[in-house]
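S.K.: Just to be clear, the model below is a prediction. Sequence and coordinates:
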Amino acid sequence: MAGQPPPPYPFSQDPDRTVAYRRPAPGGAEATGPAAGHYAYGAPPQAGPPYGGQPGGTARMPAAMPAPGWDRVELGPPVPPAGRGRHGRSGRSRGWLVAIIAAVVVALVGGGGVYAMSLLSGGGTQPEDVLPAGTMAYVRLDLDPSAGQKLALFQLARKFSATRGAFTGEDPRKALFELLRQGDSGLAKVDYARDVAPWLGDRIGVGVLAPKSPDTTPRPVVAVQVTDQDQARAGLRKLDRERDLKGLAFREDYAILAETQQEADAYAAGAPLSGEAAFAEDRAALGEPGVLSFWGDAGAIAKAARAAGATAEDGTVAMVENMRFAGALRFDSGYAELTGFTRGGQVRAAAGGEGARLSRLPASTVGALSVSSLGELVTEQWPRITEAADAAGGSPSFSDIVAQARQSYGISLPEDLTTLLGRNLTVAVDEAGLDGQIPNVGAVLATDPAKAQQVLDKIEKAVAGSGTGTPQVFRVPGDGRLVVASSQEYADRLAADGTLGESETFTTAIPDADTATAAFYLDLDKLEKYYLSGLGEEGQANARPLRAVGASARRTGDLTSFSLRVLFN
């Protein structure tokens, strides 16, 4: 049938001919890329690019007649056949769910894992194409994302030893099922090969809709990609023994599960989430959705929570009334990245801030944090800060402490704090001196240096009056900046422009760092000698590939984007 992958024909006996099959795009234009629906059946890794994929979305296949609706393309000499699993696909092509979970652990908490993936596709219907319009929060897990994501995930995951040999089976979905069964004795009678494998597809989406009434809970809806509706119907009944989601309907190649049959039927026939203008705008802005992606309407969630009796203040709801958020977990050959954005809401970019200055720190910097517009933010939010601090209790109260500081030492809050925080605050720690008694720690304050020094004088007077000793702080005033540090040598180095921005590790961890509203950087390679010795042999093996961590956020108007990257050696 047109639009379906060609069957796994046997190899041609002609030694001079190997072909590829391509499905034409609608309208007669040639399809390109994974979204066009290309498939690679049993292509061995040595044929062309990794896993047998060809540039432009064409994949090597044995010479034979194509299925209807597919074009036959001559490529060159044949390659030996690779082992096939069910449906003629490589036995490793379903190696996803456990590999994804392992890679997430690798990226975010330093574990490890690997599973060799060989099928490079990633197109087709997504869960948002079948989940209902009106969904206020949505999470999507793709067990078959784009070729680039698969390849990068494989390259990263194989660096770690902790679970490298754990995924030796042909179907990682089975491995996940076995993990679930360990914690749920009710699944003991469910046989994966008989009850799950014959129908489970590659994508899952979970959505939440607003409650129908204040005394009810939000309504869940699940979209599970399936390959056989009849077997899926029977298998889902066995998995959901308690029948929490009693409604089941089908739309395209997905099973739609809802609390009632009426809801499931309505969702399957109604407008999809992907057709909503707000969702479509955010999905387009997000770009590559990666292995895991999410989206939500924060205003709708806050309103639903308040309608259900949550004690959210009107001001809090108003701040997120028009806010939406979206994000994705992605993989590159050298890092894993959690990225996304928020848009809308009442909080907007400050007018007086300036970009982070991490790139101008010394090249020997181990860790740094830079935040812009904190001074303006403190001034704006001071009434709420005071109210919250007083509400927390304590004797004396926060307001009493503020009054005492003004009366005894002349420290005026929030004015003096706003002066210190200024347009930007950058704090840094240097590699040199980490093993000494006093490490090289310093801060660069983008503010009025004369006023900032006056504030520091007040603080030193207050500390001296309290009778507690404090390390000496060295200062270097400059043009629109004041540097304070734990040593004069380090203060002088911070005052000069450094070359951290020339480091490939730094620029990969935080692209365009100088335009960030906030940024954080940690060079794990420089810290290895201080923490590796405290780990066991396996812990050291899994920690050594960790290279650096970088996080950044940028605000333009009511749009805030963020990125968290974990780099690997």
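M.R.: Yes, it's here.
S.K.: And the strands in the stretch 351-500 of the chain?
M.R.: Assignment of strands within the stretch 351-500 of the chain using DSSP state E, counting those that start in this stretch yields the ranges 365-372, 424-430, 441-446, 474-478, 481-485.
S.K.: wait, which of those is closest to Leu559?
M.R.: Closest approach to Leu559 among the strands of the stretch 351-500 of the chain (C-beta to C-beta): strand 365-372, 15.6 Å. The C-beta positions use only the backbone N, C-alpha and C, and glycine is treated the same way.
S.K.: And the contacts of that closest one?
M.R.: 350, 353-358, 361, 423-431, 434, 498, 500, 516-523, 526-527 (C-beta atoms under 8 Å, 6 or more residues apart in numbering).
S.K.: Mark which of those residues are buried, thanks.
M.R.: Using 16 or more other C-beta atoms under 10 Å as the burial test, these include 350, 353, 355-358, 361, 423-431, 498, 500, 516-523, 526-527 as buried.
S.K.: The helix or strand hosting Arg565 packs against which elements?
M.R.: Assessed by DSSP states H and E, Arg565 sits inside strand 559-568. Secondary-structure packing of strand 559-568 (3 or more C-beta pairs under 8 Å, 6 or more residues apart in numbering; DSSP states H and E): strand 335-343, helix 504-509, strand 546-556.
S.K.: per-residue confidence for Leu292?
M.R.: Listed pLDDT for Leu292 reads 89.
S.K.: what about the nearest residue to it once chain neighbours are set aside, neighbour count?
M.R.: Nearest residue to Leu292, sequence neighbours excluded (C-beta to C-beta, 6 or more residues apart in numbering): Leu329, at 4.1 Å. The burial count assigned to Leu329 is 25, neighbours taken as other C-beta atoms under 10 Å.
S.K.: what about Leu329, which SS state?
M.R.: Secondary structure state of Leu329, per DSSP: H, G, I helix; E, B strand; the rest coil, is strand.
S.K.: Just want to check the distance between it and Asp523.
M.R.: Here the distance between Leu329 and Asp523 works out to 23 Å (C-beta to C-beta, to the nearest Å).
S.K.: ok, back up a step: how about JSON lines for the helices and strands packed on strand 559-568, with mean neighbour count and mean pLDDT added?
M.R.: Listed next are those as JSON lines, based on neighbours: other C-beta atoms under 10 Å; pLDDT from 0 to 100:
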{"stretch": "strand 335-343", "mean neighbour count": "20", "mean pLDDT": "93"}
{"stretch": "helix 504-509", "mean neighbour count": "19", "mean pLDDT": "95"}
{"stretch": "strand 546-556", "mean neighbour count": "20", "mean pLDDT": "91"}
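S.K.: so can I have JSON lines of those showing distance to Thr447?
M.R.: As requested, these are exported to JSON lines (distance: least, C-beta to C-beta, whole Å):
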{"stretch": "strand 335-343", "distance to Thr447": "28"}
{"stretch": "helix 504-509", "distance to Thr447": "25"}
{"stretch": "strand 546-556", "distance to Thr447": "20"}
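S.K.: And these: which comes nearest Ser486?
M.R.: Of these, nearest to Ser486 by C-beta to C-beta is helix 504-509, at 22.5 Å.
S.K.: what's that closest one packed up against?
M.R.: Under the contact definition 3+ C-beta pairs under 8 Å, 6+ apart, helix 504-509 sits against strand 518-523, strand 546-556, strand 559-568.
S.K.: helices and strands around the first one, which ones?
M.R.: Taking 3+ C-beta pairs under 8 Å, 6+ apart as contact, the helices and strands that strand 518-523 lies on are strand 365-372, helix 504-509, strand 546-556.
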